[in-house]
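Peer 1: sequence first, then the predicted structure:
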Amino acid sequence: MHGEGTCNSARSVPERSAVWNRPSRDRWGAMCCVRSNWARSVELALPIMKHLSALFALALGACSPMGQSTVPAELRGRWDVQQIAGAPLGAGDHAYLDIDPATRVMRGWTGCRGISAPLTSFAGSLTVGAVAQSSGSCPNPGAATDEGRLLGVLPHVQRYILHGRRLELLQAANGSEALIVLRRSDEAPQ
């Protein structure tokens with residue numbers, strides 16, 4: 001028989017890869033290559049799967065915290081930074097965060113520069129997005145240290161606890177130490 005054992009006969013079906021072919025006999029008994037039922041099914045299903053995965057991603061995006069984020073109104077206002085990762089600010093240094101639930105944005109002062117970042121909140125969580133900084137320099141080494149610590153812990157904030165005028169920003173695990181401890185300022189945000 002011509003082409004027996006190979007898939008190079010004139011009757012072979014063009015294929016992308018030898019994996020998709022299997023030797024078979026046609027209705028006249030000649031050896032030829034045909035696509036297996038499994039290979040045909042996979043090839044037909046791939047475009048459908050691509051579309052379904054795109055729809056699934058869109059549906060998840062609609063249910064994500066970004067889609068339904070509402071920062072609690074009780075967090076509105078200026079909060080003075082009291083501690084960062086368990087340590088107080090340097091002597092004479094001052095840092096604060098202004099939280100605006102309407103715009104879901106946090107603005108503030110690190111002791112050296114102004115900062116701003118988007119906030120996301122969903123079901124008791126609070127996360128801080130990418131932090132943007134204004135240009136400037138630090139007035140002293142203590143302020144530079146405080147700024148570095150503040151910018152270092154902000155991306156790890158995942159939840160909050162509010163106790164009257166005290167706000168604690170924490171990691172996800174229950175019982176974890178507060179990353180940032182803030183106190184509601186008597187000063188109005190600008």
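Peer 2: Perfect, I can see it now.
Peer 1: can you give me the domain assignment for the chain?
Peer 2: 18-63, 68-184 (automatic domain parsing).
Peer 1: low pLDDT regions in the protein?
Peer 2: Scanning the chain for pLDDT under 70 picks out 1-69, 187-190.
Peer 1: tell me where it has helices.
Peer 2: Per DSSP state H, the chain carries helices over the ranges 37-63, 65-68, 141-153.
Peer 1: by contact count, what packs against the last one?
Peer 2: For helix 141-153, the helices and strands in contact under the criterion 3 or more Cβ pairs under 8 Å, 6 or more residues apart in numbering; DSSP states H and E are strand 77-84. (Glycine included, C-beta is placed from N, CA and C.)
Peer 1: tell me the strands beside the strand it packs on, with direction?
Peer 2: In the sheet containing strand 77-84, its partner strands are strand 87-88 (antiparallel), strand 96-100 (antiparallel), strand 180-184 (antiparallel), by DSSP bridges.
Peer 1: angle of that strand against helix 141-153?
Peer 2: 100 degrees (axes from the mean of the first three to the mean of the last three Cα atoms, to 10 degrees).
Peer 1: and the contacts of strand 77-84?
Peer 2: 88-89, 94-99, 146, 149-150, 153, 167, 178-185, 187-189 (Cβ atoms under 8 Å, 6 or more residues apart in numbering).
Peer 1: ok, of those residues, which come out buried?
Peer 2: 89, 95-99, 146, 149-150, 153, 167, 178-184 (16 or more other Cβ atoms under 10 Å).
Peer 1: so what's Leu126 closest to, chain neighbours aside?
Peer 2: Nearest residue to Leu126, sequence neighbours excluded (Cβ to Cβ, 6 or more residues apart in numbering): Tyr160, at 4.6 Å.
Peer 1: that neighbour and Leu169 touch, don't they?
Peer 2: Yes: applying Cβ atoms under 8 Å as the test, Tyr160 and Leu169 come out as touching, 5.5 Å apart.
Peer 1: name the residue in these two with the higher neighbour count.
Peer 2: For Tyr160 versus Leu169, the count of surrounding residues by other Cβ atoms under 10 Å is larger for Leu169: 24 against 20.
Peer 1: who does the more buried one form a beta bridge with?
Peer 2: Tyr160, Ile180.
Peer 1: who are the contact partners of it?
Peer 2: Per Cβ under 8 Å, 6+ apart, neighbours of Leu169: 126, 153, 157, 159-160, 178-182.
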